[in-house]
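Q: how would this look folded up:
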Amino acid sequence: MIGRCGAAALEAVLPWTCLACGRIQGGPGLCAACWSRMPWIAPPQCVRCGTPFDVGAGNAARGRICAACAGRPPVVAATRAALRYDAASRGLVLGFKHADRLHGAPVFADWLRRAGADLLPGAGLIAPVPLHWSRLAWRRYNQAAVLARHVAARSEVPCAVDLLVRRRRTPSQGDLSREGRRRNVAGAFAIGRRWRDRLSGRRIILVDDVITSGATLAACARVLLDGGAAAVDGLAIAQVVDPVGADLHPGSAAPTDLSSTLP
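A: Numbers count the residues shown, from 1 in each chain. Predicted coordinates:
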């Protein structure tokens with residue numbers, strides 16, 4: 001009762017606002033108007049890369065993989081995101097990533113839990129894509145680690161924030177070509193010391209805020225698979241959806257429309 005009274009008093013002083021437009025509302029998350037314009041990703045979608053199929057595909061597309069994944073299976077076993085990364089969702093992601101809007105983390109974690117409902121059961125560990133220590137010191141938090149902790153708390157899967165370390169600070173991926181992205185993150189990650197002999201047979205879910213080309217996820221996955229992990233999946237708030245595929249599908253074209261807006 002004391003807790004409920006305290007929460008009510010705090011809400012009276014600091015009312016809930018929409019994560020997108022800032023409008024005062026009765027609870028956390030998005031207002032009805034912003035919710036309706038968000039580019040949600042939902043089935044039917046490729047069970048590997050998560051790319052949504054045409055709505056007209058209906059039930060016939062459920063459980064299927066896209067042509068790109070069929071032609072060359074990605075390193076990451078399965079990828080899921082709650083939203084397409086576009087003009088409507090960009091502000092949510094970048095505000096959380098750079099503007100200290102961490103109050104949205106519980107809401108985003110709920111979205112990730114729903115998006116990854118087919119991945120979370122049976123997962124051995126949830127872990128964030130790591131930041132280099134110098135970038136972490138500058139930003140003061142790793143948004144992927146914040147998400148990973150909240151998702152883990154909601155799914156009862158152990159969270160290992162130190163599963164991976166970033167050995168070198170890599171330049172921004174935004175203006176790089178597909179091949180440049182791969183070279184940029186090649187060799188940048190390593191398994192954390194206390195996890196080096198504890199990955200055998202585990203299925204790992206890597207959490208990040210946004211998946212652009214998939215190069216970072218793929219680089220992390222290769223390290224974990226070499227370290228004995230049984231499989232690696234990816235989970236993010238948003239994903240750049242490219243009809244051809246990108247680094248999630250090695251050898252295909254990289255998206256060019258939104259990558260330059262990513263930091």
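Q: Torsion angles phi and psi at Phe189?
A: When read as degrees, to the nearest 10, the backbone of Phe189 gives phi -120, psi 150.
Q: my bad, should have said Ala20
A: phi -100, psi -50.
Q: Pull the contacting residues for the residue nearest to it when sequence neighbours are not counted.
A: Nearest residue to Ala20 in three dimensions, chain neighbours excluded: Cys34, at 4.0 Å (CB to CB, 6 or more residues apart in numbering). In short, each C-beta sits where N, CA and C put it, glycine included. By CB atoms under 8 Å, 6 or more residues apart in numbering, the residues touching Cys34 are Cys18, Leu19, Ala20, Cys21.
Q: Using the record's domain definitions, break this protein down for me.
A: Split into domains by automatic domain parsing, the chain comes to 1-37, 38-261.
Q: Mind putting those into a markdown table with mean pLDDT?
A: Below are the domains of the chain laid out as a markdown table (pLDDT from 0 to 100):
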| stretch | mean pLDDT |
| --- | --- |
| domain 1-37 | 75 |
| domain 38-261 | 83 |
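Q: okay, those domains, which one's buried deepest?
A: Of all these, domain 38-261 has the most neighbours on average by mean count of other CB atoms under 10 Å, namely a mean of 19.
Q: now the helices: where do they sit in the stretch 101-250 of the chain?
A: 105-115, 133-139, 143-155, 178-185, 215-226 (DSSP state H, counting those that start in this stretch).
Q: CSV for those helices, including distance to Gly71?
A: As requested, the helices of the stretch 101-250 of the chain are exported to CSV (distance: least, CB to CB, whole Å):
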stretch, distance to Gly71
helix 105-115, 25
helix 133-139, 35
helix 143-155, 30
helix 178-185, 16
helix 215-226, 16
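Q: picking up where we left off before, doesn't the residue nearest to Ala20 lie inside a helix?
A: Yes. The assignment for Cys34 (DSSP: H, G, I helix; E, B strand; the rest coil) places it in a helix.
Q: Other residues contacting stretch 135-147?
A: 96-98, 102, 105, 108-109, 112, 128-131, 161, 169, 207-209, 237.
Q: Recalculate using a threshold of 6 Å.
A: By CB atoms under 6 Å, 6 or more residues apart in numbering, the residues outside stretch 135-147 that reach it are Phe96, Lys97, Ala105, Pro128, Val129, Leu131, Val161, Val207, Asp208, Asp209.
Q: of all the helices of the stretch 101-250 of the chain, which lies closest to Trp195?
A: Among the helices of the stretch 101-250 of the chain, helix 215-226 comes nearest to Trp195, with 9.2 Å by CB to CB.
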